[in-house]
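1. okay, structure incoming, though there's no sequence with it:
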Ligand SMILES: [Zn+2]
């Protein structure tokens, strides 16, 4: 069946889709209403066009969101592809960096107001960063539109890091697609929830998945992969002040190393070698990449420890905590023989 699907995609869009899309997105769409099934075709085409270097462009005036050109094209689309836009935002010192795909979604929110989502996709991190800088430093527009003067400022949000595995940075198109086509919540909300370690939805659905740490299945179950990508790991906490280009492997490595310099390497001399460990991978010990990258957390993974050393170290700490715990009462609570409180409490 899987082979057949691959052949089908090759025939329709000229390339195969990453395996996770079958389980990650197509399956979910097929479980949904008939309406959802009709968007599968659109989604499949969309997957093949996405790249991990994305910018969301905001700040469009209402007048442009609702209007169309004489040819029936969306006004915003016509602006994005016009020569002037290219000169201003995709050209610098005779170098040209045009997006490889432009995504525009128009819809009405529950109050009936027209909304738009505009995303530019680039082939490289460099092209994305250059466009980001040019749009964000532009001083704004003052255009005449139907006898009115429209003043507006465009700006970009960079959510590229929210479409990739926080461990190995593998691009995950199914998450990317959900993030952008999700009209209930804006990407900003997901970013907020990822930053604060909470979720926007307790249901087992996409909105829940998007507000978790995004980890690909290979990294989730592989001790070796977690070790290999230790310095590439991404935690919003470490990057929230917006150092440089957060998606570049160099930047991640630099921040992860510089954080570790303030922490002494754990002493492994008295840590025993266990025949059997409780957990399969380093991630299983703390349950969160955020914890492993937080130098004040008990699950901090010092980069100079290998994956095996880290696991032994954590195993030992866990066992010591259990050994030192208070014995349990008959009612399964720690013994309640407290020392007396001082009189003047
Ligand atoms: Zn991964």
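-> Happy to help now that I have it. Keep in mind that this is a model prediction, so the values were computed, not measured.
2. from here on, just use CA atoms for contacts and neighbour counts.
-> Fine.
3. residues from the protein in reach of the ion?
-> By C-alpha under 5 Å from the ion, the residues of the chain that approach the ion are 165, 167-168, 216, 219.
4. change it to 6 Å
-> 165, 167-170, 215-216, 218-219 (C-alpha under 6 Å from the ion).
5. point out where the stretch 201-345 of the chain drops to low pLDDT.
-> Counting by pLDDT under 70, the stretch 201-345 of the chain contains low-confidence residues at 240-244, 326-345.
6. hmm, 80 instead?
-> For the stretch 201-345 of the chain, applying pLDDT under 80 flags the ranges 238-247, 322-345.
7. quick one: which of the residues of the chain next to the ion is the most crowded by neighbours?
-> residue 167 (24 neighbours; other C-alpha atoms under 10 Å).
8. excluding chain neighbours, what is closest to that residue?
-> Sequence neighbours aside, residue 233 is the residue nearest to residue 167 in space, at 4.5 Å (criterion: C-alpha to C-alpha, 6 or more residues apart in numbering).
9. where's the closest residue to residue 163 other than its chain neighbours, which helix or strand?
-> Nearest non-adjacent residue to residue 163, counting by C-alpha to C-alpha, 6+ apart: residue 176, 4.8 Å away. Per DSSP states H and E: residue 176 is located in helix 173-181.
10. now do that helix: which elements does it pack against?
-> helix 19-21, helix 40-49, helix 206-210 (3 or more C-alpha pairs under 8 Å, 6 or more residues apart in numbering; DSSP states H and E).
11. helix or strand right after it?
-> Assigned by DSSP H and E, the successor of helix 173-181 is helix 187-196.
12. so what does that following helix touch, helix or strand wise?
-> Packed next to helix 187-196, using 3+ C-alpha pairs under 8 Å, 6+ apart, are helix 236-239.
13. and the helix it packs on, which residues are buried?
-> Neighbour-count burial for helix 236-239 flags 236, 238-239 (criterion: 16 or more other C-alpha atoms under 10 Å).
14. want to try TSV for those residues, with distance to residue 152 as columns?
-> Formatted as TSV, the buried residues of helix 236-239 follow (distance: C-alpha to C-alpha, whole Å):
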residue	distance to residue 152
236	30
238	33
239	29
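15. which of these sits closest to residue 313?
-> Residue 313 lies nearest to residue 238 out of these, by C-alpha to C-alpha, at 23.4 Å.
16. from residue 247, how far off is residue 236?
-> Separation of residue 236 from residue 247 (C-alpha to C-alpha, to the nearest Å) stands at 11 Å.
17. do you know the pLDDT at the most centrally placed residue in the chain?
-> Closest to where the C-alpha atoms of the chain average out (C-alpha atoms, centre = their mean) is residue 162, at 1.4 Å. pLDDT recorded at residue 162 is 90.
18. residue 106 now?
-> What the model reports as pLDDT for residue 106 is 91.
19. mind checking what helix or strand follows the helix or strand that contains residue 64 in sequence?
-> Using DSSP H and E, residue 64 maps to helix 62-66. Sequence-wise, the next helix or strand downstream of helix 62-66 (DSSP H and E) is helix 75-81.
20. ok, residues contacting stretch 290-303?
-> 230-231, 233-238, 256-257, 259-260, 263, 265-266, 283, 285-286, 310, 314 (C-alpha atoms under 8 Å, 6 or more residues apart in numbering).
21. give me the buried subset of these.
-> Counted by 16+ other C-alpha under 10 Å, the contacts of stretch 290-303 give 230-231, 233-236, 238, 256-257, 259-260, 283, 285-286, 310, 314 as buried.
22. which among the residues you listed gets closest to residue 188?
-> For the buried ones among the contacts of stretch 290-303, the nearest to residue 188 is residue 236 (13.2 Å; C-alpha to C-alpha).
23. okay, that closest one and residue 97: tell me how far apart.
-> 28 Å.
24. quick revisit: surely the residue nearest to the centre of the chain is in a helix?
-> Yes: counting by DSSP: H, G, I helix; E, B strand; the rest coil, residue 162 is part of a helix.
25. where is the longest helix in this structure?
-> helix 307-324 (DSSP state H).
26. counting contacts, what elements does that helix pack onto?
-> By 3+ C-alpha pairs under 8 Å, 6+ apart, helix 307-324 packs against helix 223-228, helix 282-286.
27. so which of these is the most surrounded?
-> Per-stretch averages of neighbours, counted by mean count of other C-alpha atoms under 10 Å, single out helix 282-286 among those, with a mean of 20.
28. that one - contacts with which helices or strands?
-> Under the contact criterion of 3+ C-alpha pairs under 8 Å, 6+ apart, helix 282-286 touches helix 223-228, helix 289-293, helix 307-324.
29. who touches it?
-> By C-alpha under 8 Å, 6+ apart, helix 282-286 touches 220, 223, 226, 279, 289, 292, 299, 307, 310-311, 314.
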